[in-house]
Every structure is written in structure tokens, then in C-alpha cells.
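K.L.:
fold the stuff below for me.
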Amino acid sequence: MSALHDLSATEQRDALHRREVSARELTAHYLDRIDRLAGPLGAFVTVVPDQALAEADRADAVLAAGDGAALTGVPLAIKDLHATAGIRTTAGTTALAEFVPPRDAWTVGLLRQSGAVVVGKSSTAELGATCYVDAVVTEHAAVTPFDPTRYSSGSSGGAATAVAAGLVPFAHGSDSAGSIRTPAATCNLVGVKPSRGLVSIAPASTFLAMGTEGPLARTVADAALLLDAMAQPWAGDLYGWRPEQSFTAALEQEIDRPMTIAMWTDAGLDSVKTDPGITAGVQATADGLRAAGHEVREMAIPARLDGDVVEALRTWFTYAAAMSAAAMAPPERYGLYTPLTQYLMGQAQAFSASDILLAQSRLAGYASAFLAAFEGVDAALTPVTTAPPVPVGHFLAGGVDTALDAMLDWSSPTPWVNFTGQPAIALPAGFTADGLPRAAQLVGRPRADAQLLQLARQVEQATPWRGIHPAVWEE
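P.N.:
Numbering: from 1, shown residues only. Coordinates of the predicted model:
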């Protein structure tokens, strides 16, 4: 017999509006699963059952009156990096372990206005700075439900874990260098990094604007549904824009012509070779695209992570992490940060303004090479990670001074998309011989998010994603 969590988010929304299930019943179902299953998976930092059930009751009253917004009554997890009024927001650090924001972050407010029922805060890396989520403010690291000895990546690791384990139908995430896409890859999910400016990062608008927020979901339609609720830019956004139509509506239309898609599987690092299992997943996705009538052209990676670019990436990452740490907590609490964050803060003290500007210039040149490669093509197909999910503790095995290199070695296919501001989507691409999820990344032209989702939907229709769940799904 199927359970409520077997329904997609879109199916749950429709069942709520038809009054086939109540928001209270649906929310209680997920709260029970969270209570029984979430702890060892490291999925949640904070759960708010009383508040969630009260929100569900209000949703039921709205639906009974024949009203309701796009997500009225559908349960949702918010990444703990983003402020939620009245709900503890730790940003993954003990330095903020008891912080309760007075107001919602912009996108969180939009999700509440859409009628979603917030059940709690999904676990995140400290200050969102790493591609893994360790047990810092939680008892357990965030792990993939397909193998709980391995990370679900980060920094949206808890969100991916929660969706893959059937603890929420979909989840809010954010991505500054791959933090939605790599968790999706480890958990057999769809993860969308929107184009720059589609989802507001207010009030943190910046000229660089490499970070954004987006959905983690089980299906492309569910991702589009959640993205629609998030894609309402703030009036003061430097890069804000609105799509011509909803992404849900766009998925009801077919792509109007064959697409030309560039493909590479090179990690871009001389010291790293993409795992053959990952390459096979990308090739299988290419075969599916060709079968759908699209042209897939294999090509060399447009720009490699050579010595200067890697050094620029290290400098920029260290500077950004250190500045975030300095801004998020008072100096007397810096000692509560993890050893890695304290190490990065120390390293950043040696940087001059010239070092930062030179790093930005080199990264801009690196990004431009990728943008230029889109002349004559509609999209690119690449890996999301260079290897399958890695064991807990992997990235710090060599100490804090090698952690950045270890993270880059594993996640090198993703950061360039944040520099260019293009839309990207991580899509399931089957499993390795060891039963670990693998994924492919589709990258579209700037602001061609709707077209990218349509292309992803074609891949999805040829792939048996939905019925493949980890064992915890049936518990």
C-alpha cells in the first residue's frame, strides 16, 4: 500500500486542493517520520511540530474556504543557513546555536506566503562554507540515505537527506559553488541552481552575486513548483528579473526544436580523473538526449583549473569564508567556530586588497571562457562531482590545510556556473556498481531557466528515477 510520502509534492498539492487529504494529516505524517528517522541521518537541526501543525490547521481552513496559494498545506524544510522568524537559525555553527531571528529572510518569507508548512530547519555546513555537513550543531553528520556511512554533501546536505529519505516532499536550499547540485547528486534528486537574479538574495545584494537559492526535489515538476514560489525578486536586486511565465506552465510545453548540447567529462584538474562510474552516468544522459532528437557534441572543457586559477579560487574561498565568519558572530565567539573556519580566518589575515582583486580578475577570465563556449550551443552536459559520495570524514582526513583541495578535487565541475551566473540542474543518472547515486549536470544559457527545465523533463521521462528509493523510505 502506498503512503502519503510516496506522492510527489505536486500530487500532494493537488490532493490537498481536492480535499482528499488534510494539511494536518500530511504534516503529521512527515513529523512522525522526522521523529523516527531523521536523527541518525543528520537531516534536521530544529523541528517545530507545534508550529507546523498550527500552520497546517490554518492551511486547512483556507483550503476549506476554496482559497489557497500555490503551496498551501504542503510541508517544507528550510535550510538552516537562512533566517526564519521565531525559529532557531544556527547557520551550522555553535557560535549561533541559540540565535532566533526576528524576521524571515526574503525567500523564506515568499515560501511562507505561498502557503507552505515549515516543519523545521535542515542541517547545513558551518556558515554554508563546505561541501559536507559534519556533526557540529547536530549529533550526526548529514549522510546520504543510500549509504549512511557517506556524506550527502553540502552545504544543503540536510535538505537533500530529508527529501531522499521521505522526510519532506521537497526542500529549500542554496548554492554558492555547487551546494544544491552536489547534495542532489549524492541523493538521487533534482537540484536546481537558478540564473543569477531569478531568486533574490536580499538584503545581501552584491556585484559578484555568486550565491543563490533554489529547490531540491524528487522530480523536475516538483522543482519547478517550488522555484515558482521563490522566483520573485526584491525591487532592489542588482540583477533581479522575472520569467515570462511560470516554470510549471513551461513544463506543459514541449521544446520547439532540437537542441545542441556540448558535453565534457574532464574534471579540469590535472591531478584528478573523473571516476568511470560518474562518466558512465553522463554518457547515459547524453544517450537519452540523443534519443530525444538533440545533438550532443563532445568537446574539451573550455577552461582548466590551472595553477593561477586554483590559487585564485583558494584565495577567494578563504576570503569569503573568513569575512562571513567575522560578520556572523561577535569576536568573543570566534573560538566556537570549527578548526577549519578558524584556520581560514587566520589565512585570510595575510591577504591584501590586491590579492583579492587579482583573484576576482582571474576567476572572471575563467568564467568568460565558459560563457564563450556557449556560442553555437544551447546547453552543456557535465558531471556534478568527480566521484560518488565519499565517506564521512573524507575532506578533513589530511587536516584543515588540505581541506580546500580535497573539496575542489571532488566538486570541481560545479563552481564555474556560479561565476558565470548561468542556470544549472543536477539530474539523477543511475547508480554505480556499488549502488551509490550518480548524477549529470545540465547548464543552460543565462536566464534560459525554463528551457533548461524543459530539457531536464525530457531526460526524466526516459529515466526510472521515481521508484528508486533508499531502504529508509519504507520504514
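K.L.:
export stretch 380-400 to PDB, keeping only CA atoms.
P.N.:
Extracted in PDB, the C-alpha atoms of stretch 380-400 (Å, rounded to 0.1, in the frame of the first residue of the first chain):
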ATOM      1  CA  ALA A 380      26.200  21.900 -21.600                       C
ATOM      2  CA  LEU A 381      26.300  18.400 -20.100                       C
ATOM      3  CA  THR A 382      28.900  17.600 -17.500                       C
ATOM      4  CA  PRO A 383      29.400  15.700 -14.300                       C
ATOM      5  CA  VAL A 384      28.300  17.200 -11.000                       C
ATOM      6  CA  THR A 385      31.100  15.600  -9.000                       C
ATOM      7  CA  THR A 386      34.200  13.800 -10.000                       C
ATOM      8  CA  ALA A 387      33.400  10.700  -7.800                       C
ATOM      9  CA  PRO A 388      30.500   9.100  -6.000                       C
ATOM     10  CA  PRO A 389      29.500  10.100  -2.400                       C
ATOM     11  CA  VAL A 390      32.600  10.000  -0.100                       C
ATOM     12  CA  PRO A 391      32.900   8.600   3.400                       C
ATOM     13  CA  VAL A 392      32.200  10.800   6.400                       C
ATOM     14  CA  GLY A 393      35.500  12.400   7.500                       C
ATOM     15  CA  HIS A 394      37.000  12.300   3.900                       C
ATOM     16  CA  PHE A 395      37.500  16.000   3.400                       C
ATOM     17  CA  LEU A 396      39.400  16.600   6.700                       C
ATOM     18  CA  ALA A 397      41.400  13.400   6.600                       C
ATOM     19  CA  GLY A 398      44.500  15.300   5.700                       C
ATOM     20  CA  GLY A 399      43.900  18.200   8.100                       C
ATOM     21  CA  VAL A 400      42.500  21.700   7.700                       C
END
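K.L.:
residues touching Ser155, list them.
P.N.:
Applying CB atoms under 8 Å, 6 or more residues apart in numbering to Ser155 gives the contacts 79, 81, 92, 124-125, 128-131, 133, 174, 176, 179. Glycine gets a C-beta too; all of them are placed from N, C-alpha and C.
K.L.:
10 Å instead, please
P.N.:
Counting by CB atoms under 10 Å, 6 or more residues apart in numbering, Ser155 makes contact with 79-81, 91-92, 123-133, 142, 173-180, 182-183.
K.L.:
name the helix or strand for it, please.
P.N.:
In this structure, Ser155 sits in neither a helix nor a strand according to DSSP states H and E.
K.L.:
tell me how far it lies from Ser200.
P.N.:
From Ser155 over to Ser200 the distance is 19 Å, taken as CB to CB, to the nearest Å.
K.L.:
with Ala125 instead?
P.N.:
With distances taken as CB to CB, Ala125 is found 22 Å from Ser200.
K.L.:
for this protein, identify the residue most remote from the centre.
P.N.:
Computed with CA atoms, centre = their mean, the maximum C-alpha offset from the centroid of the chain is found at Ala65, amounting to 34.9 Å.
K.L.:
related to what we said a few turns ago, more crowded one of Ala125 and Ser200?
P.N.:
With neighbours defined as other CB atoms under 10 Å, Ala125 and Ser200 compare such that Ala125 has more, 28 against 24.
K.L.:
where are the low-confidence patches of the protein?
P.N.:
Applying pLDDT under 70 to the chain picks out residues 1, 203-207, 465-466.
K.L.:
center of it - which residue?
P.N.:
The geometric centre of the chain, computed from its C-alpha atoms, lies nearest to Ile180 (CA atoms, centre = their mean), at 1.4 Å.
K.L.:
that one against Phe170, yeah?
P.N.:
No - shown here, Ile180 and Phe170 do not form a contact pair, counting by CB atoms under 10 Å, at 11.9 Å.
K.L.:
overlap in contacts, these two.
P.N.:
Contact criterion CB under 10 Å, 6+ apart; residues shared by Ile180 and Phe170: Ala159, Leu189, Val190, Pro215, Leu216, Ala223.
K.L.:
does the fifth one belong to a helix, a strand or coil?
P.N.:
Per DSSP: H, G, I helix; E, B strand; the rest coil, the secondary structure class of Leu216 is strand.
K.L.:
for the stretch 1-150 of the chain, which segments count as strands?
P.N.:
44-47, 75-79, 117-122, 143-144, 147-151 (DSSP state E, counting those that start in this stretch).
K.L.:
try the stretch 201-350 of the chain
P.N.:
Going by DSSP E, counting those that start in this stretch, the stretch 201-350 of the chain shows strands at 212-217, 260-263, 295-298.
K.L.:
now render the ones you listed as TSV, adding mean neighbour count.
P.N.:
Formatted as TSV, the strands of the stretch 201-350 of the chain follow (neighbours: other CB atoms under 10 Å):
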stretch	mean neighbour count
strand 212-217	30
strand 260-263	19
strand 295-298	14
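K.L.:
closest to Thr414 out of the ones you listed?
P.N.:
Across these, Thr414 has its closest neighbour in strand 212-217 (12.8 Å, CB to CB).
K.L.:
and that closest one, which strands flank it?
P.N.:
Partner strands and pairing direction for strand 212-217 (DSSP bridges) are strand 171-175 (antiparallel), strand 190-193 (antiparallel).
K.L.:
nearest to Ala373, out of those?
P.N.:
Smallest distance to Ala373 across those (CB to CB): 18.0 Å, for strand 190-193.
K.L.:
just the buried positions in that closest one, please.
P.N.:
For strand 190-193, a neighbour-count test (16 or more other CB atoms under 10 Å) marks Val190, Gly191, Val192, Lys193 as buried.
K.L.:
same check, this time on stretch 165-173
P.N.:
For stretch 165-173, a neighbour-count test (16+ other CB under 10 Å) marks Ala165, Gly166, Leu167, Val168, Pro169, Phe170, Ala171, His172, Gly173 as buried.
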